[in-house]
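J.: Task: produce atomic coordinates for the following.
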Amino acid sequence: MSNCEKVIETAKEILGVKGFVDAADATDFISDITGNGLACLFVARPSSTEQVAKLLSLCNEADVAVVPQGGNSNVCHMAVPTENRPTVVLSLARMNRILDINADRGTATVETGCIMEVLQNAVAEHDLVFAPDWGARGTATVGGAVATNGGGLNVLRFGTTREQVLGVEVVLADGRVWNGLRSLIKDNSGYDLKQLFIGSEGTLGIITKLTFRLHPAQPHARSMFASLSDPSRLTEFLAMARALGGEKLTAFELLPGLGVEKALERYPDLKRPCETRSDWYVLIRMSDRADVDETLAALFEHGFESEIINDAVMASSEAQEKNLWEIREQMIPHQYFGVYKMLKWDVSVPVDRIMSFLAAAETAIAEIHATAFTYAVGHVGDGNIHLSAYIEKTEVGEKMAVEIYERIDALVWEYDGSIVAEHGVGSLYRDRVRRQKDLIEYELLQRLKTCFDPKGLLNPGKLVSI
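T.: The predicted structure follows:
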């Protein structure tokens with residue numbers, strides 16, 4: 001019996017019938033929105049931390065790689081095998097229980113495979129909010145959110161996922177378990193080890209349980225959809241919203257006119273918010289424990305008086321509110337431009353440079369290919385813009401694609417930004433992001449990787465090269 005065969009047989013004993021998926025049935029686990037990954041020995045679907053620990057100990061002894069997977073909704077080839085070596089896909093979907101919601105502490109402790117929307121709904125019953133939120137909330141897991149340090153719609157108000165984590169339980173590469181499930185706001189007793197695992201994409205250890213900070217529910221929420229008459233004053237409008245709204249300002253989103261028109265065309269049930277056609281719109285939400293109507297109305301008035309906006313609507317019903325945010329949800333470009341070759345970025349730049357960056361990116365891409373067009377949507381409050389470029393598939397080759405990527409990557413760095421904002425590095429960005437780091441910073445990343453995973457068995461080929 002070969003080494004891999006021994007691992008398979010032992011894993012079956014550890015995981016049981018429900019926890020083991022044969023390689024022949026693993027198709028759905030080795031592909032994602034980006035495309036197909038490589039084959040795996042099998043898919044492990046453990047139901048407990050103990051099973052994860054035994055599996056990692058087994059794989060460590062046999063030098064078999066482990067690729068952790070949550071909802072597999074990422075877009076950077078992060079949770080599928082990408083290296084040609086014996087590999088186990090570790091799906092944490094069965095570890096999905098909510099273990100505790102403590103309203104007095106304002107915390108929730110859950111298993112890593114819990115679906116984000118399930119936790120959101122559960123804490124809402126306690127008049128609390130689980131802050132992380134994005135379109136894939138119905139499939140994304142909390143473990144994946146933490147492993148990527150996801151951003152999303154509420155970062156402006158609550159911060160990134162990292163800022164919601166109070167404690168973690170992690171299985172290390174050799175199978176040992178670190179129980180860091182604390183619910184303390186203050187703990188200066190040493191290095192904050194949990195921070196190393198947040199955003200590590202499963203390359204340092206496998207997160208199995210999490211304790212989250214929760215926030216008081218904001219029962220009063222209202223949104224405004226506005227047409228920008230002067231996009232160059234976007235940052236001024238954001239500053240105005242912050243000054244008027246303070247902590248009530250929950251979201252400030254930038255929407256392209258092209259995307260709005262495509263969404264209204266594709267989804268006839270959506271209602272056009274305002275009559276004015278614009279290159280750019282903003283979608284703003286205020287929320288609080290008390291009424292926010294006067295605050296949003298003041299922003300509405302100031303926006304018109306300053307001539308930053310030339311048309312706007314404030315949601316006057318739950319249906320209208322839902323309609324505005326459904327338009328935002330449908331800003332996904334690949335559903336509209338499938339006949340073109342898509343080049344995409346998940347960038348962040350300083351918030352006061354968003355519009356100048358987008359103009360510079362459009363010019364740079366047009367200089368390489370005259371008929372290419374750009375598309376951007378994003379979170380103005382934190383400077384995160386999802387940018388993509390589209391070129392006729394018959395006109396773009398690998399050389400041109402590389403040239404465009406390199407040109408825009410360099411432009412992001414010129415603007416003091418990052419080419420990876422919230423979607424993660426995975427294998428798609430791993431080599432490109434290396435050029436964003438200076439030698440010392442990258443060396444420190446490599447040292448961390450080899451310290452926690454000396455054999456390089458945890459999610460190899462992702463995040464950092466060693």
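
J.: surely Cys114 meets Val142?
T.: Yes - the pair Cys114 / Val142 is scored as a contact, 5.0 Å apart, by Cβ atoms under 8 Å. Glycine gets a C-beta too; all of them are placed from N, C-alpha and C.

J.: Could you check which of these two is surrounded by more residues?
T.: Shown here are Cys114 and Val142; by other Cβ atoms under 10 Å, Val142 has more neighbours (32 against 26).

J.: Contact partners for that one?
T.: Applying Cβ atoms under 8 Å, 6 or more residues apart in numbering, one finds that Val142 lies in contact with 110, 112-116, 119, 132, 210, 212.

J.: Nearest spatial neighbour of Lys209, chain-adjacent residues omitted?
T.: Distances taken as Cβ to Cβ, 6 or more residues apart in numbering place Glu169 nearest to Lys209, at 3.8 Å, with adjacent residues excluded.

J.: wait, is the one you found part of a strand?
T.: Yes - assigned with DSSP: H, G, I helix; E, B strand; the rest coil, Glu169 falls within a strand.

J.: Now, the contacts of Val142 that are in strands?
T.: Using DSSP state E, the members of the contacts of Val142 that fall in strands are 110, 210, 212.

J.: so what's Thr211 up against?
T.: Contacts for Thr211 (Cβ under 8 Å, 6+ apart) come out as 107-109, 165-168, 181-183.

J.: most neighbours, which of these?
T.: With neighbours set by other Cβ under 10 Å, the maximum within the contacts of Thr211 is found at Ala108, which has 27 neighbours.

J.: how's the chain carved up into domains?
T.: Residue ranges for the domains of the chain, per automatic domain parsing: 1-217+429-466, 220-317, 333-423.

J.: Now the longest one: average pLDDT?
T.: Right, the one you point to is domain 1-217+429-466. On average, the pLDDT along domain 1-217+429-466 is 96.

J.: Kindly export the lengthiest helix in the chain (C-alpha atoms) in PDB.
T.: Selection of the longest helix in the chain by residue count, based on DSSP state H, yields helix 398-414. Only the C-alpha atoms of helix 398-414 are listed here, as PDB (Å, rounded to 0.1, in the frame of the first residue of the first chain):
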ATOM      1  CA  GLU A 398      -1.600  36.900 -23.200                       C
ATOM      2  CA  LYS A 399       1.100  39.500 -23.900                       C
ATOM      3  CA  MET A 400      -1.400  42.400 -24.000                       C
ATOM      4  CA  ALA A 401      -3.200  41.100 -20.800                       C
ATOM      5  CA  VAL A 402       0.100  41.000 -18.900                       C
ATOM      6  CA  GLU A 403       1.000  44.500 -20.200                       C
ATOM      7  CA  ILE A 404      -2.300  45.900 -19.000                       C
ATOM      8  CA  TYR A 405      -2.100  44.200 -15.600                       C
ATOM      9  CA  GLU A 406       1.500  45.400 -15.000                       C
ATOM     10  CA  ARG A 407       0.500  49.000 -16.100                       C
ATOM     11  CA  ILE A 408      -2.500  49.200 -13.800                       C
ATOM     12  CA  ASP A 409      -0.700  47.500 -10.900                       C
ATOM     13  CA  ALA A 410       2.100  50.000 -11.200                       C
ATOM     14  CA  LEU A 411      -0.500  52.800 -11.300                       C
ATOM     15  CA  VAL A 412      -2.100  51.500  -8.100                       C
ATOM     16  CA  TRP A 413       1.200  51.700  -6.300                       C
ATOM     17  CA  GLU A 414       1.900  55.200  -7.700                       C
END
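
J.: How about that helix, which residues are buried there?
T.: Residues of helix 398-414 classed as buried by neighbour count (16 or more other Cβ atoms under 10 Å): 400, 404-405, 408-409, 411-412.

J.: Would you mind pulling up the elements that it packs against?
T.: Applying 3 or more Cβ pairs under 8 Å, 6 or more residues apart in numbering; DSSP states H and E, one finds that helix 398-414 makes contact with strand 340-348, helix 354-368, strand 384-392.

J.: for the record, mean pLDDT for it?
T.: Averaged over helix 398-414, pLDDT sits at 95.

J.: And the next helix or strand past that helix?
T.: helix 430-434 (DSSP states H and E).

J.: Out of the contacts of Thr211, which is nearest to Ile368?
T.: Distance to Ile368, by Cβ to Cβ, is smallest for Val165 among the contacts of Thr211, at 41.1 Å.

J.: surely the closest one meets Lys209?
T.: No - the pair Val165 / Lys209 is not scored as a contact, 11.2 Å apart, by Cβ under 8 Å.

J.: Arg242 touches Leu249, doesn't it?
T.: Yes - here Arg242 lies in contact with Leu249, judged by Cβ under 8 Å, at a distance of 5.8 Å.

J.: Could you work out the end-to-end span of stretch 160-168 for me?
T.: 16 Å (Cα to Cα, to the nearest Å).

J.: Return the distance of that stretch from the chain's centre.
T.: 14 Å (Cα atoms, centre = their mean, to the nearest Å).
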